[in-house]
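Asks: Structure for this input, please:
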Amino acid sequence: MQVAGERLARELGALVAGEVAVGEAQALVGALARWERMLGAARVALVRRVTEAEAHVAVGGRDPVTYCAQVSGTSRGKARAELDLAERLAELPVVEAALRTGRISADQARIIAPAAHADPAATPELLGAADAQSLNELRQMAARRTRAARGEGALEDQERHCHERRYCRTFASAQGGVRLEAWVGTLQGAALVGALEKKTAELATRSHEPHERLAADALVALLGGGRAVSEVVVRVDAGALVRGEVGDGETCEVPGIGPVSLRAARGLLGEAFVTLLVTKGHDVAAVTSTSRFVPRAVRKALFERDRCCVVPGCGATFGLEIDHWRLDFARHGPTELANLCRLCSVHHRQKTDGLIVLAGGPGRWVVRPGPRAGWSEAAAADTRRRRAAQAAQGRRARREAHVARRSDARAGP
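Replies: Next comes the predicted model:
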């Protein structure tokens, strides 16, 4: 193994130093990613073996976590997460096999393992989702499967546990400045995240700095007295709300945050800052508009349905834009839920420029090369400038026509 490792190091060093064709580089990136996952799986298996044998004692290690952190050169937190994963995978051979063969990464395994432990029958579905979905989407699916398996009582216990262990800590950073860490309940966290995202979006209209920096400025502004009234959307199935329990295929959750108990959702009825989106209580798909303006009911349903960019594997959640995906508005496409989707700014621009085409629809999204897929970014930018100039010319013509009509009306017959 050591000889093979030294040879691999030499080959990779030569590879990085030399010129590699784009096609070959793409293939190598995929292969290296799979090797990395396989090596991570081997490390997890060996960590479990070392822990079981208490090998850290022979070399004077304080405990398994400290020993693994020292050997791998990582933090105790990462070492503990690796040990926890090794213990979980001992009872989940299917997930362990997927990790060992490089099908999933260690991060994906950490998300899948708790849900697979709670509901073993959901394992194939979760592994299939890992192939096509982002980590954020996979995390939300795993949370729903775990909630369905454990039931309302376990979720209420979890909410009480979070409330009892809530905290907020501040400490000075070695690099200067102050760092914060907090843990609050799901609904309180949803209100906090909503206010933070609203303030961040407001700051983004005046600055092009990265999202994380703007979020830090937004947090300081909110804590310093700036107020952003947030709205928490709780999605709940009508049948579950009536029966008092969440059945198979039903949900009660804060989109993008996680599941909440029905008791908590019912307790929010009448609260001004909460929108309870009952999925069968209002046929939002029937609401439409002949303008670009999206009706409030449709907007809320769209935001709940498309919680991230709909392009498979993207997972972006900040700065999403609404697009008429099936029939463009310029071609008289209706502003209704079935014709709308949410895209990140990058994929929205690519679709507008004809580089990609969306197909399939909600839950079955597929991205295909567009009619201008071979165009360069410069050519696409020229197209955008030309369209913007044409749109500006059209607006000027409409304004001039409007002014002319008003002048004729004042002049009289």
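
Asks: drop to CA atoms for contacts and neighbour counts, all remaining ones
Replies: Will do.

Asks: which residues of the protein fall in strands?
Replies: 167-172, 178-183, 232-236, 252-254, 258-259, 274-278, 321-324, 340-343, 356-359, 366-369 (DSSP state E).

Asks: Single out the most deeply packed of those strands.
Replies: strand 340-343 (a mean of 25; mean count of other CA atoms under 10 Å).

Asks: who's in contact with that strand?
Replies: Among residues not part of strand 340-343, those counted as contacts by CA atoms under 8 Å, 6 or more residues apart in numbering are 302-303, 306, 308-311, 320-326.

Asks: Swap in 10 Å and give it another go.
Replies: 294, 298-299, 302-303, 305-311, 314-328, 333-334, 348-349, 351, 358, 361-362 (CA atoms under 10 Å, 6 or more residues apart in numbering).

Asks: can you check stretch 90-104 too?
Replies: 31, 33-45, 48, 85-86, 88-89, 105-110, 112-114, 116-117, 120, 123-124, 126-128, 130-131.

Asks: what's the span of that stretch, first residue to last?
Replies: 16 Å (CA to CA, to the nearest Å).

Asks: from the chain's centre, how far out does it sit?
Replies: On the basis of CA atoms, centre = their mean, to the nearest Å, stretch 90-104 sits 24 Å off its chain's mean C-alpha point.

Asks: Check which residues of it are buried.
Replies: Buried residues in stretch 90-104, counted by 16 or more other CA atoms under 10 Å: 92, 95-96, 98-104.

Asks: Switch those residues over to JSON lines; also include distance to L343.
Replies: Formatted as JSON lines, the buried residues of stretch 90-104 follow (distance: CA to CA, whole Å):
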{"residue": "L92", "distance to L343": "36"}
{"residue": "V95", "distance to L343": "32"}
{"residue": "E96", "distance to L343": "34"}
{"residue": "A98", "distance to L343": "31"}
{"residue": "L99", "distance to L343": "31"}
{"residue": "R100", "distance to L343": "34"}
{"residue": "T101", "distance to L343": "33"}
{"residue": "G102", "distance to L343": "30"}
{"residue": "R103", "distance to L343": "27"}
{"residue": "I104", "distance to L343": "26"}
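
Asks: Identify, from these, the entry nearest to R169.
Replies: Relative to R169, the closest of those is I104; by CA to CA it sits at 34.2 Å.

Asks: pLDDT at that closest one, what is it?
Replies: What the model reports as pLDDT for I104 is 87.

Asks: where does it fall, phi/psi-wise?
Replies: phi -120, psi 160 (degrees, to the nearest 10).

Asks: Would you mind measuring from it to C308?
Replies: Distance from I104 to C308, by CA to CA: 22 Å.

Asks: Touching, L89 and A45? I think so.
Replies: Yes. Judged on CA atoms under 10 Å, L89 makes contact with A45 at a distance of 8.9 Å.

Asks: Between those two, point out the one with more neighbours.
Replies: Neighbour tally, L89 and A45, criterion other CA atoms under 10 Å: the higher count belongs to L89, 24 against 20.

Asks: Tell me the spacing between the residue nearest to the more buried one when sequence neighbours are not counted and I112.
Replies: The shortest distance from L89 to any non-neighbouring residue, by CA to CA, 6 or more residues apart in numbering, is to E96 (5.5 Å). E96 is 11 Å from I112, where distance means CA to CA.
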